[in-house]
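**Q** Quick one, structure for this:
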Amino acid sequence: MIKNISTTFLVMVIAMLSSFVATIILGQTLSIGDFGEFALLKQIILIGSTIAIFGLDFSYIKVFSNNPDSGKKTHLITMIILSLITILFVFMLKIIYNFQFYKLFYILFCICFGAINLYQAAIYRLKGQFLLAQLFAGGWKIALLLLIGVSLFSEMIIDIQFIYQIFTVSLFIFSSFIVRKFYKTNIANVGNIDYKKYLTLGLIFWLINFTGLLSGGIDKLVIPILFGREALGIFTGTSFIFIISLTMIGSAIGYVIFPKISAGKEINFLKLSSAVFFITSFAIIIYQITGEGLVSILFSEEFDSFIDKKLIFCFTLLGSFQIVHIILHFILSAIGNKKQLIYYWIVSILFIVITIILLHFLKENYSFNLLKLSLIMLLSQFGKIISMMVLVWFAYNTRNSIRRNVNLVKPK
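**A** Numbering: from 1, shown residues only. From the prediction side, this is the model:
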């Protein structure tokens, strides 16, 4: 497992560093308002792709655990579903954010391509090819940085319209490989497939995955509505390094343990917990020492007047909570039964609503304040983590009880 995590983490590090550098370049190049729109667009693509895939990436791993090459019909059904959901999601974006139509056009393709990438990544995860899986899931970030680099070298004008265009191209590059899946699949090797189970599980995972991702990124979606896109630009610039660097670690761990736990393999949670504690403690100490300097250097002093050690501590703690949140999400997704997964979805919805209410209270009673905003996010995330721990405990007890009963009825 350590080897798989290391391999996955390596590709994820390259992808996330590419995202880091791209964000830093755009933070220096774009106005604060356009930088805020870039952050919003990025969050919309991440959440939109998760919504569009309808949970079928997770469902694929659980349903086709014995047959990674599921057949052309499965691929076709998945493509149709994610395309229809993408269209509906884009209509919702028009109502909520009132994007211009040409921007909606780019967003539609970005979300559709992003969902296809997630689907292909699931296929490779099931095969144990985690490096390729992560490349399909996050390789577009590398492509995005390369396109920005070429544009800078060519002295092209980088404005918000150009950002929409290069996002679309970056996501398309890897999604185009889905055509190969249709031609490579051997129909003769495909047995009886329970499509009802595939879609039903997909619906459950869809509910919990998009609400989980929505919960983790609710700040970037609500801040521009309540406080404006410039406020989101400030929040993103000051918190980016501390939250994203730790979120990346949680994603690498969760990416590997989900298919293993789904297959019934045991995970050493004592070692995993110790590693997470060491990483978060180390990050808090290092960022307290270097945080202000990092933000100043990376964003050319643009956010120096907004950052201090209290904020750095809060942002680092938020990143640490993200590690725990992501790991618990994958564990619960792997071992939870339908009832427990529905409870998890309800819990996610509850804390999304709580967060929105608290942010609205902040807007109505105070001026925009980064410290108060980060404290609200910390409180909400902590409450959700405690709830998830309770659900994981019940899920493990249920699974162990079922295993004991199965062993009792086995013939000796």
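**Q** C-alpha only now, for contacts and for neighbours.
**A** Noted.
**Q** where in the chain is pLDDT low?
**A** Low-confidence segments of the chain, defined by pLDDT under 70: 1-9, 65-71, 181-192, 255, 259, 262-263, 402-412.
**Q** Are there helices or strands packed against the longest helix seen in it, and which ones?
**A** Ranked by residue count and defined by DSSP state H, the top helix of the chain is helix 370-409. Counting contacts by 3 or more Cα pairs under 8 Å, 6 or more residues apart in numbering; DSSP states H and E, helix 370-409 is packed against helix 309-335, helix 338-365.
**Q** I'd like the ones you listed laid out as JSON lines, including distance to residue 276 and mean neighbour count.
**A** Compiled in JSON lines, the helices and strands packed on helix 370-409 are given as follows (distance: least, Cα to Cα, whole Å; neighbours: other Cα atoms under 10 Å):
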{"stretch": "helix 309-335", "distance to residue 276": "8", "mean neighbour count": "23"}
{"stretch": "helix 338-365", "distance to residue 276": "23", "mean neighbour count": "17"}
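**Q** Tabulate the ones you listed in CSV, adding columns for distance to residue 124.
**A** Shown next, in CSV, are these (distance: least, Cα to Cα, whole Å):
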stretch, distance to residue 124
helix 309-335, 17
helix 338-365, 24
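**Q** Among the ones you listed, which comes closest to residue 151?
**A** Smallest distance to residue 151 across the helices and strands packed on helix 370-409 (Cα to Cα): 31.8 Å, for helix 309-335.
**Q** Tell me, how many residues neighbour the closest residue to residue 306 other than its chain neighbours?
**A** Of all residues not flanking residue 306 in the chain, residue 238 sits nearest, at 7.2 Å (Cα to Cα, 6 or more residues apart in numbering). Here the number of neighbours of residue 238 (other Cα atoms under 10 Å) works out to 27.
**Q** in which helix or strand would I find residue 238?
**A** In the assignment (DSSP states H and E), residue 238 maps to helix 229-262.
**Q** mind listing what's buried in that helix?
**A** 229-262 (16 or more other Cα atoms under 10 Å).
**Q** Starting from residue 344, give me the distance back to the residue lying closest to residue 377 once chain neighbours are set aside.
**A** Closest residue in space to residue 377, ignoring its immediate chain neighbours: residue 355 at 7.0 Å, by Cα to Cα, 6+ apart. Counting by Cα to Cα, to the nearest Å, the gap from residue 355 to residue 344 is 17 Å.
**Q** if we can go back for a sec, could you check the angle helix 229-262 makes with the next helix-or-strand element following the helix holding residue 238?
**A** Following helix 229-262 in sequence order, the next helix or strand is helix 269-298 (DSSP H and E). Per axes from the mean of the first three to the mean of the last three Cα atoms, to 10 degrees, the angle that helix 269-298 makes with helix 229-262 is 160 degrees.
**Q** Which strands or helices does helix 269-298 pack on?
**A** If you count contacts as 3+ Cα pairs under 8 Å, 6+ apart, helix 269-298 packs onto helix 229-262, helix 309-335.
**Q** Tell me what angle it forms with helix 309-335.
**A** Using the same axes, to 10 degrees, the inter-axis angle of helix 269-298 relative to helix 309-335 is 140 degrees.
**Q** Residue 24 and residue 300 touch, don't they?
**A** No - taking contacts as Cα atoms under 8 Å, residue 24 lies outside contact range of residue 300: 9.0 Å.
**Q** Give me the more crowded residue out of these two.
**A** Taking other Cα under 10 Å, residue 24 and residue 300 do not tie; residue 24 has more neighbours (20 against 14).
**Q** quick one on the thing from earlier: going by neighbour count, which residues in the longest helix of the chain are buried?
**A** So for helix 370-409, counting by 16+ other Cα under 10 Å, buried means 370-374, 376-378, 380-382, 384-385, 388-389, 391-392, 395.
**Q** residue contacts, the residue nearest to residue 306?
**A** When contacts are counted by Cα atoms under 8 Å, 6 or more residues apart in numbering, residue 238 touches 295, 303, 306-307.
**Q** make it 7 Å
**A** Applying Cα atoms under 7 Å, 6 or more residues apart in numbering to residue 238 gives the contacts 295, 303, 307.
**Q** Could you pull up phi and psi at the second one?
**A** Main-chain torsions, residue 303, degrees, to the nearest 10: phi -110, psi 20.
**Q** burial of it, as a residue count?
**A** Residue 303: 21 surrounding residues under other Cα under 10 Å.
**Q** Identify the residues contacting it.
**A** Shown in contact with residue 303 (Cα under 7 Å, 6+ apart): 234, 237-238, 296.
**Q** how does it look with 10 Å?
**A** 27, 32, 233-238, 292, 295-297 (Cα atoms under 10 Å, 6 or more residues apart in numbering).
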